[in-house]
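> coords please:
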Amino acid sequence: MRILVLGGSGFVGRAAAELAVARGHDVTVFNRGLHDPVAGVTTLVGDRSADGGLDALRDGTWDTVIDTWSAEASAVGAAASLLSGRAAHYVYVSSRSVHRWDPGHPPLAEDSPLADVDDPGYAGDKLRAEIATAAFDGPVLLARAGLILGPYEDIGRLPWWLNRLHQGGPTVAPGPRDLALQYIDVRDLAAFLLDAAGRHGPFNVVSPPGHTTMGELLDVANEVTGGHADLRWLPGEDIVAAGVQPWTQLPIWLTPEAGYAFMHQGDVSKAIAAGLSCRPVRDTVTATWAWLQTLPGGAPQRADRPAPGLDPQVEAKILAS
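Sure thing, here's the model as predicted:
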């Protein structure tokens, strides 16, 4: 197939471009040219947020477009309109955040209520972008991903845990150990995006609830990084009482009050029926750690997202108490 990846050099887009090249597809990526390209792709350079930024896309035809944009919806609408008639299928990497946050009614299926379209934050951006894909004149798949982990992660959640466990010593581990987690390895997400050509409508693209647990994740991560950490499992309520913010200061982990059911108990039966396959957590952890070892400057961090992690002094205080 002829595949166009809007993005293609960061996290999700890079994984999709790599897999597409490995499968023998003809791959074009369109981005600002700020990162080294995936070997084997054709790179078109442009800035979607600038006037005339899509000019490099005015020629060419493709079988599938994979759009990883996560900011202003107008950029998605402009690309969808420009590529109408020149691409057979449009895939937009959206988010389960487009759903209305309601802790009392999990799990979230694709037809669950949506957020306010006027929401000024991330949820609103993603929802408005979904609506903007209507400018495309063919089938559009809305891949509503959840927590995405794996190599090239530029949010810093799993990289923070891996670096912290490698550092070793007494380490706060947020309980309970058997807390069920739901996420998607970026390589499994990429495979779904490529295999879904022709499908349309929304799909929750994340692992089944309970694909792993907080205990398994941290135990495997500790083993893979050298076994240096002494995990001290503490009740979640005690950690929150110490002023720690779930998700941001202790990445991946959530409490019921902070939206655990929203993030980790979604209904993914539709995507599973469509062929979504999820690899074991050990594979995700091992591949991410191997990738981190190739980065002398540390893991990349998106400028539009806060760096996650718990301050060492705060952690020491919690452990001492």
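
> switch to C-alpha atoms for all contacts and neighbour counts from now on
Fine.

> what sits against Cys278?
For Cys278, the residues meeting the contact criterion (Cα atoms under 8 Å, 6 or more residues apart in numbering) are Ile184, Asp185, Asp188, Ser207.

> got the contact list for the last one?
In other words, Ser207. Applying Cα under 8 Å, 6+ apart, we find Ser207 in contact with Gln182, Tyr183, Ile184, Val268, Ser277, Cys278.

> Would you tell me which one of the residues you listed comes nearest to Gln167?
Of all the contacts of Ser207, Tyr183 has the smallest distance to Gln167: 24.8 Å, by Cα to Cα.

> For the residue nearest the centre of the chain, which non-adjacent residue is spatially closest?
Nearest to the mean C-alpha position of the chain, by Cα atoms, centre = their mean, lies Ile148 at 3.1 Å. Leaving aside its chain neighbours, Ile148 sits nearest to Ile184 (5.0 Å; criterion: Cα to Cα, 6 or more residues apart in numbering).

> again, but for Arg177
Nearest residue to Arg177, sequence neighbours excluded (Cα to Cα, 6+ apart): Gly215, at 4.3 Å.

> What number of residues are in the vicinity of that neighbour?
Other residues near Gly215 come to 20 when the count uses other Cα atoms under 10 Å.

> Would you indicate which residues of stretch 284-299 are buried?
Along stretch 284-299, these residues count as buried under the neighbour rule (16 or more other Cα atoms under 10 Å): Thr284, Val285, Thr286, Thr288, Trp289, Trp291, Leu292, Ala299.

> what distance separates the helix or strand bottoming out on mean pLDDT in the chain from the centre of its chain?
Lowest mean confidence among the helices and strands of the chain (mean pLDDT, DSSP states H and E): helix 260-264, at a mean of 93. Its chain's C-alpha centre lies 15 Å from the corresponding centre of helix 260-264 when counted by Cα atoms, centre = their mean, to the nearest Å.

> What lies in contact with it?
Outside helix 260-264, the residues that touch it by Cα under 8 Å, 6+ apart are 101-103, 106-108, 146-147, 180-183, 209-210, 253-254.

> Show the buried residues in these.
With neighbours counted using 16+ other Cα under 10 Å, the contacts of helix 260-264 contain these buried positions: 101, 106-108, 146-147, 180-183, 209, 253-254.

> Can you tell me how far Lys126 is from Ser97?
Relative to Ser97, Lys126 is positioned 8 Å away (Cα to Cα, to the nearest Å).

> what does Ala88 give?
Using Cα to Cα, we find Ala88 at a distance of 27 Å from Ser97.

> cool, Met214 as well?
Distance from Met214 to Ser97, counting by Cα to Cα: 22 Å.

> Give me the subset of the contacts of helix 260-264 that lies in strands.
Ala180, Leu181 (DSSP state E).

> where along this protein do the helices fall?
Taking DSSP state H, the helices of the chain run over residues 12-22, 73-83, 122-132, 157-167, 186-195, 214-224, 236-241, 260-264, 269-273, 281-292, 312-320.
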